[in-house]
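In: Below: sequence and its predicted model.
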Amino acid sequence: MKKIIALILSAVLLIYYAPDIKKVFYEIKDFATTVIDEDVSSEDTKESDEEQEKSIEEDPQNFETIKIGDDLESVEKKVGKPTRIDESGYSFKWNVYNQFGEKFFMIGIEDKKVVALYSNYFNSEEINDLKINTSDIKSVRERYTPLEYFIKSNIKFLIQSNQEYDIVSLNNNYITFFYDKFDDNKLTSYQVISQEVEDNSDVYKKETKELIKSYELEIFDLANSTRMQKQMDKYLYSDKCSQVAKNHCKDMIEKKYFDHIDKDKKGPADRMTDAGIDFQFAGENIAAGQLSAIYAHEGWMNSEGHRKNILGKYKYIGVGVQFGGEYNVYYAQNFYR
């Protein structure tokens, strides 16, 4: 029998907040915005009978009835087509539904079948009677015994979640329940992945340009859906700020450190200024070692300083992700107004 080696999954994160760093104006032209023209004629908005029937049939609430093993055709009849299809790092792709504001969800599809689910808003038949924002860590653990470890390629990985999440095995699926430490440990989101898919995947995913971009966009979506659930304005995405975040992740990997202050003694405000970004105040979150964009976001939300940044009074956000280094993958969010 091959020797089993015990390892600890390590993940770290740091917070940076710099209020009132510079009293200057920002330029909207530097950033990506979406403009909606509300002056539309009734003729333009008129639907055919077929389109009306389709819009009634397609309802994001139907996500709650989608189960592992359902076919793609039935999924799209229930919730429509996704706005984006992301790499997941697994053998499946995430169909991303961010068009419903705070009602965010993703559906993992492989060979036209559902193999994964995620939501921070809707409940699911796959998690039985547990409810987001109602059930808590106690109610989950009364029903299920969390896994203490999992094995990949004969290596035993200990699960040390710091009470921020539990992973359980249920109905041939692995379910990760994420909790909110700042709201009585209530269930804040969950991820369901087919056991077969999970067991045949690596712990840390292989780097591709597509996966990096997927993680970055998912972090953006998760931040905005979280803000909208709390009746806050969405962030606008800044490509320039994202490049600052990405460059810092790359620098930490290449120069072997993990900090807001780089080897040139420059902090986030310096790096944003060097990139030509004007701001009144700015912030930064960094993380390393999290298994995916979902885990990174949930980790930040369970840390008071990071949470304040995500729910802050900023207007713009940039996101960067890079693979490599001591922790395998590095994440950064930069904020400013």
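Out: Now that the structure is in, tell me what you want to look at. All of these numbers come straight from a predicted model, not from anything done at the bench.
In: and the next element down the chain from the helix or strand harbouring Trp94?
Out: Assigned by DSSP states H and E, Trp94 falls within strand 93-97. Toward the C-terminal end, the helix or strand that comes next after strand 93-97 (DSSP H and E) is strand 105-110.
In: Show the average pLDDT along that following strand.
Out: For strand 105-110, mean pLDDT is 98.
In: That one - contacts with which helices or strands?
Out: With contacts taken as 3 or more Cβ pairs under 8 Å, 6 or more residues apart in numbering; DSSP states H and E, strand 105-110 sits against helix 72-79, strand 93-97, strand 113-119. To be clear about C-beta, it is placed using only N, CA and C from the backbone, and glycine gets the same treatment.
In: do that again at 10 Å, thanks
Out: Under the contact definition 3 or more Cβ pairs under 10 Å, 6 or more residues apart in numbering; DSSP states H and E, strand 105-110 sits against helix 72-79, strand 84-87, strand 93-97, strand 113-119, strand 186-194, helix 195-199, helix 209-229.
In: what about the helices in the stretch 1-150 of the chain?
Out: 42-45, 49-57, 72-79, 137-143 (DSSP state H, counting those that start in this stretch).
In: pLDDT averaged over the shortest one, what's the number?
Out: Looking back up the chat, that one is helix 42-45. 34.
In: now stretch 195-210
Out: The model assigns stretch 195-210 a mean pLDDT of 93.
In: What distance separates the opening and closing residues of it?
Out: 24 Å (Cα to Cα, to the nearest Å).
In: repeat for stretch 124-131
Out: In stretch 124-131, first residue to last residue: 8 Å (Cα to Cα).
In: I'd like to know the average pLDDT value across it.
Out: So the average pLDDT for stretch 124-131 ends up being 97.
In: for it, the distance to its chain's centre please.
Out: Centroid displacement of stretch 124-131 relative to its chain, using Cα atoms, centre = their mean, to the nearest Å, is 20 Å.
In: Run through who's touching it.
Out: 63-68, 105, 114, 117-119, 123, 132, 135-136, 139-140, 143-144, 168, 170-171, 173, 175, 177, 186-187, 190, 192 (Cβ atoms under 10 Å, 6 or more residues apart in numbering).
In: Am I right that Val75 is in contact with Ile107?
Out: Yes: under the criterion of Cβ atoms under 10 Å, Val75 makes contact with Ile107 at 6.1 Å.
In: what touches both of those two?
Out: Common neighbours of Val75 and Ile107 (Cβ under 10 Å, 6+ apart) are 63, 66, 82, 95, 114.
In: Leaving out the residues flanking it, which one is nearest to the last one?
Out: To tie it back to what came earlier, the one meant is Val114. Asp70 (4.5 Å; Cβ to Cβ, 6 or more residues apart in numbering).
In: which ones are touching that neighbour?
Out: Counting by Cβ under 10 Å, 6+ apart, Asp70 makes contact with 78, 107, 109, 112-115, 117.
In: one step back: in terms of neighbours, single out the busier of Val75 and Ile107.
Out: Higher neighbour count among Val75 and Ile107: Ile107, with 25 against 22, using other Cβ atoms under 10 Å.
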